[in-house]
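*Asks:* Requesting a structural model of the entry that follows:
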Amino acid sequence: MTGLAAVFRNRRNYIALLFLLLVLFVSWFESVAQLADLVWKADIYNHGVWVPVVSLWLMFRSWERVTDSGLSFWWPAALGILVASALWLIGGAAEASILQHFSLVTAIQFIVVGCLGPRAYRLILFPMLFLFAAIPLGQQLVEPLQNLTAKMVIGALGMSGMEFEADGVLIKLSSGYYQIARACAGVKFLNSSLVLGVLLCHLTFSSWKRRSVMMLAAVIVPIFFNAVRVYGTLLLGEMTDASFAKGVDHIVYGWGFLSFILILLIAGAYRFSDRENEQEPNSCKLAVERQNSSTPALILLAAGFLPALAGMWLPGSNLSVPMCLTPTLAPPKCMECGFRQLMPDVATRWIHEAEADLRQAWYFREDAATVMGKTFLYWPDRLGHRLVGATSLLLDDGWQLLGGIDTHPVDVGKAAFEESVIWRQGERRLMWRTYVIGGKHYAHNIDAKLHLAWLRLSGRPAIGQSLVIATDLTSTIEDARIILNRFFVSHPPEALLWPSGEQSWDQGLCAE
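*Replies:* Numbers count the residues shown, from 1 in each chain. Down below sits the predicted model:
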């Protein structure tokens with residue numbers, strides 16, 4: 001059967017497929033646009049640009065077999081579309097874009113299998129599943145890979161006999177300080193290598209043993225050579241100067257090094273390939289069962305509008321309601337506890353949250369120990385005023401997060417704090433942070449996001465606070481923890497927060 005004849009015979013399936021995909025993309029246009037923007041602009045996700053292109057190319061290779069397989073509507077796919085729409089709705093309420101992107105690709109899978117049928121879908125199974133590789137993943141791997149790279153580089157420096165001092169990801173050489181920054185983690189290398197490894201496994205290997213070796217190489221090769229790259233950059237900085245080393249590293253990082261890794265993987269895959277050139281099987285006219293009932297098609301068409309309903313149900317992200325706020329927050333004074341309250345002034349310029357509706361800085365001293373912090377209020381959490389977000393907490397005045405330090409969540413009474421260390425040219429501070437929503441404390445931003453999502457979906461105002469506290473880290477991290485815990489004995493976390501409940505607020509300051 002010729003391609004045009006097969007398309008004409010299956011025109012109902014193709015029209016339904018195009019229509020449902022159009023409804024999906026229009027209904028979830030914001031998610032589609034955000035996904036495209038991420039893979040285009042963020043270098044660690046650039047591999048996602050060519051994933052759909054490769055998938056379409058692989059589908060085109062099987063086009064004749066698909067059209068001759070006997071297309072049919074498969075109504076159980078409607079249940080998958082329902083689940084994908086529910087997940088997308090939850091992701092939107094929690095502002096978890098990764099969940100929305102996953103739901104988008106999942107919905108595409110069920111629309112295709114629903115309109116073409118399981119038999120045709122099996123023929124394009126790999127290129128369809130390969131679309132999941134376009135989802136921006138790997139951000140959570142940055143810190144572990146950053147720490148692993150630092151340990152590998154420190155080990156290499158030790159074996160080479162160089163004099164150095166190391167503090168987490170911070171390395172001091174004779175030419176100055178070097179930080180194994182987040183950009184040095186090698187997530188870009190790892191993502192591109194993994195995606196290419198999956199593709200090469202499909203194209204060049206039929207043995208699962210060789211596929212496993214290929215994927216293992218796709219993980220080990222970029223991690224190892226990324227550590228070699230960072231080590232070489234430090235050596236270059238020692239022999240020349242840091243600015244020259246960083247300039248060369250940018251060129252190597254952006255172009256030559258990634259190309260070298262990909263070429264190495266491709267060459268190795270085709271060198272040990274066990275798959276001979278496969279001839280496409282001759283098109284065979286399969287016995288196609290005519291669908292006398294239009295019920296499956298109608299069920300699928302009805303399910304195709306579920307993404308549109310989810311888009312309409314999602315609470316608006318630009319929520320803005322009148323609010324009446326207490327303009328100041330006064331921490332309790334304790335004359336006999338040892339901590340004296342001072343004017344914050346310059347001491348608390350190390351951190352700010354531009355999106356908070358209200359903020360209150362405070363600064364205490366006990367002998368040589370200092371405790372500083374800020375409380376931030378979001379009333380309510382809305383677009384441009386997010387309690388949990390990429391820009392909700394910004395370090396200022398040259399301070400940066402320091403990775404590679406043994407930190408852990410801390411409990412102070414009912415309050416749970418996330419612990420981290422920040423540094424600035426020889427200075428270090430131990431920082432604790434907690435999110436407070438409805439009187440509950442959360443150390444992790446994911447838990448806080450889930451609580452906020454539940455409030456939005458249930459139609460209740462998402463009101464939250466963030467409490468950040470820090471002390472100078474002049475000796476050990478355990479000594480700094482003792483200082484913060486001693487401070488909380490006389491100044492519990494609840495005393496540093498605004499009162500919860502609308503009845504607790506004065507009516508003096510109102511804003512839209």
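
*Asks:* and Gly404, backbone torsions?
*Replies:* Dihedral angles of Gly404 (phi, psi; degrees, to the nearest 10) stand at phi 80, psi 10.

*Asks:* right, I mislabeled it, should have said Ala308
*Replies:* Reported as degrees, to the nearest 10, the phi and psi values for Ala308 are phi -70, psi -40.

*Asks:* Surely it touches Leu22?
*Replies:* No: checked against CB atoms under 8 Å, the pair Ala308 and Leu22 is beyond contact range at 11.0 Å. All C-beta spots, glycine's among them, are computed from the backbone N, C-alpha and C.

*Asks:* who has more neighbours, those two?
*Replies:* Neighbours per residue (other CB atoms under 10 Å) separate Ala308 from Leu22, with Ala308 holding more: 15 against 11.

*Asks:* Which residues belonging to the one helix or strand Ala310 maps to are considered buried?
*Replies:* Using DSSP states H and E, Ala310 maps to helix 306-313. By 16 or more other CB atoms under 10 Å, the buried positions in helix 306-313 come out as 306-307, 310-311.

*Asks:* Return the list of helices and strands in contact with it.
*Replies:* Applying 3 or more CB pairs under 8 Å, 6 or more residues apart in numbering; DSSP states H and E, one finds that helix 306-313 contacts helix 11-27, helix 77-93.

*Asks:* so how far is it off the chain centroid?
*Replies:* 24 Å (CA atoms, centre = their mean, to the nearest Å).

*Asks:* contact partners of it?
*Replies:* For helix 306-313, contacts defined as CB atoms under 8 Å, 6 or more residues apart in numbering pick out 23-24, 26-28, 81-82, 84-86, 88-89, 92, 107.

*Asks:* at 7 Å instead, please
*Replies:* The contact list for helix 306-313, computed with CB atoms under 7 Å, 6 or more residues apart in numbering, reads 23-24, 27-28, 81-82, 85, 88-89, 107.

*Asks:* Likewise for stretch 81-90?
*Replies:* Contacts with stretch 81-90, where a contact means CB under 7 Å, 6+ apart, come from 28, 99-100, 103-104, 106-107, 110-111, 303-304, 306-307, 310, 313-314, 453.

*Asks:* Go through that stretch and flag the buried ones.
*Replies:* Neighbour-count burial for stretch 81-90 [16+ other CB under 10 Å]: 81-82, 84-85, 87-90.

*Asks:* pLDDT of it, averaged?
*Replies:* What stretch 81-90 shows for mean pLDDT is 94.

*Asks:* Export only the CA atoms of that stretch, formatted as PDB.
*Replies:* Written as PDB, here are the backbone C-alpha positions of stretch 81-90 (Å, rounded to 0.1, in the frame of the first residue of the first chain):
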ATOM      1  CA  ILE A  81      -4.600  11.800  29.600                       C
ATOM      2  CA  LEU A  82      -6.600  12.300  32.800                       C
ATOM      3  CA  VAL A  83      -3.700  11.400  35.000                       C
ATOM      4  CA  ALA A  84      -1.300  13.600  33.000                       C
ATOM      5  CA  SER A  85      -3.800  16.500  33.300                       C
ATOM      6  CA  ALA A  86      -4.000  16.000  37.100                       C
ATOM      7  CA  LEU A  87      -0.300  15.900  37.500                       C
ATOM      8  CA  TRP A  88       0.100  19.100  35.400                       C
ATOM      9  CA  LEU A  89      -2.500  20.800  37.600                       C
ATOM     10  CA  ILE A  90      -0.600  19.800  40.800                       C
END
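
*Asks:* angle of the helix holding Ala310 against helix 11-27?
*Replies:* 20 degrees (axes from the mean of the first three to the mean of the last three CA atoms, to 10 degrees).

*Asks:* now the strands: where do they sit in the stretch 251-400 of the chain?
*Replies:* In chain order, the stretch 251-400 of the chain shows strands spanning 323-325, 340-342, 351-352, 358-366, 369-378, 394-395, 400-401, with DSSP state E, counting those that start in this stretch as the criterion.

*Asks:* mind checking how far the fourth one is from the chain centre?
*Replies:* If I follow you right, that is strand 358-366. 32 Å.

*Asks:* partner strands of it, parallel or antiparallel?
*Replies:* Each strand paired with strand 358-366, and its direction, by DSSP bridges: strand 340-342 (antiparallel), strand 369-378 (antiparallel).

*Asks:* Now it: buried residues?
*Replies:* In terms of neighbour count (16+ other CB under 10 Å), strand 358-366 has its buried residues at 358-364, 366.

*Asks:* Just put those residues in a markdown table and tack on distance to Leu401.
*Replies:* A markdown table is the format used below for those (distance: CB to CB, whole Å):
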| residue | distance to Leu401 |
| --- | --- |
| Leu358 | 25 |
| Arg359 | 20 |
| Gln360 | 23 |
| Ala361 | 20 |
| Trp362 | 22 |
| Tyr363 | 22 |
| Phe364 | 23 |
| Glu366 | 26 |
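
*Asks:* so which of those comes closest to Cys337?
*Replies:* The nearest member of the buried residues of strand 358-366 to Cys337, counting by CB to CB, is Glu366 at 8.3 Å.

*Asks:* what packs against whichever strand or helix holds Phe189?
*Replies:* Of the helices and strands defined by DSSP H and E, Phe189 is found in helix 187-204. Helices and strands touching helix 187-204, by 3 or more CB pairs under 7 Å, 6 or more residues apart in numbering; DSSP states H and E, are helix 142-159, helix 208-239, helix 257-271.

*Asks:* Averaging pLDDT over each of the ones you listed, report the lowest-scoring one.
*Replies:* Looking at the helices and strands packed on helix 187-204, the weakest mean confidence is helix 257-271, a mean of 84.

*Asks:* Check which helices and strands that helix is in contact with.
*Replies:* Judged by 3+ CB pairs under 7 Å, 6+ apart, helix 257-271 is in contact with helix 187-204, helix 208-239.

*Asks:* what's the closest of those to Asp411?
*Replies:* Across the helices and strands packed on helix 257-271, closest to Asp411 is helix 187-204 (CB to CB), at 31.3 Å.

*Asks:* and for the closest one, what are the contacting residues?
*Replies:* 43-44, 47, 51, 54, 126, 133, 138, 141-142, 145, 211, 214-215, 218, 221-223, 226, 258, 261-262, 265-266, 269-270, 273, 275.

*Asks:* about what we covered before: looking at the helices and strands packed on helix 257-271, which is nearest to Ile180?
*Replies:* helix 208-239 (6.4 Å).

*Asks:* how about the closest one: buried residues?
*Replies:* 210-211, 214-215, 217-218, 221-223, 225-227, 229-238.

*Asks:* still on that earlier bit, switch the helices and strands packed on helix 306-313 over to JSON lines; also include distance to Leu430.
*Replies:* Below are the helices and strands packed on helix 306-313 laid out as JSON lines (distance: least, CB to CB, whole Å):
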{"stretch": "helix 11-27", "distance to Leu430": "47"}
{"stretch": "helix 77-93", "distance to Leu430": "34"}
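
*Asks:* how about the spatially most central residue of the chain, what does it touch?
*Replies:* The centre of the chain sits closest to Gln139, judged by CA atoms, centre = their mean, with a distance of 4.5 Å. Neighbouring residues of Gln139 by CB under 7 Å, 6+ apart: there are none.

*Asks:* Outline the domain layout of the chain.
*Replies:* Domain assignment for the chain by automatic domain parsing gives 3-137+279-313, 139-271, 323-511.

*Asks:* average model confidence for the last one?
*Replies:* Domain 323-511 shows a mean pLDDT of 81.

*Asks:* before we move on, the earlier item: most packed of the strands of the stretch 251-400 of the chain?
*Replies:* Compared across the strands of the stretch 251-400 of the chain, strand 369-378 shows the largest average neighbour count, a mean of 22 (mean count of other CB atoms under 10 Å).
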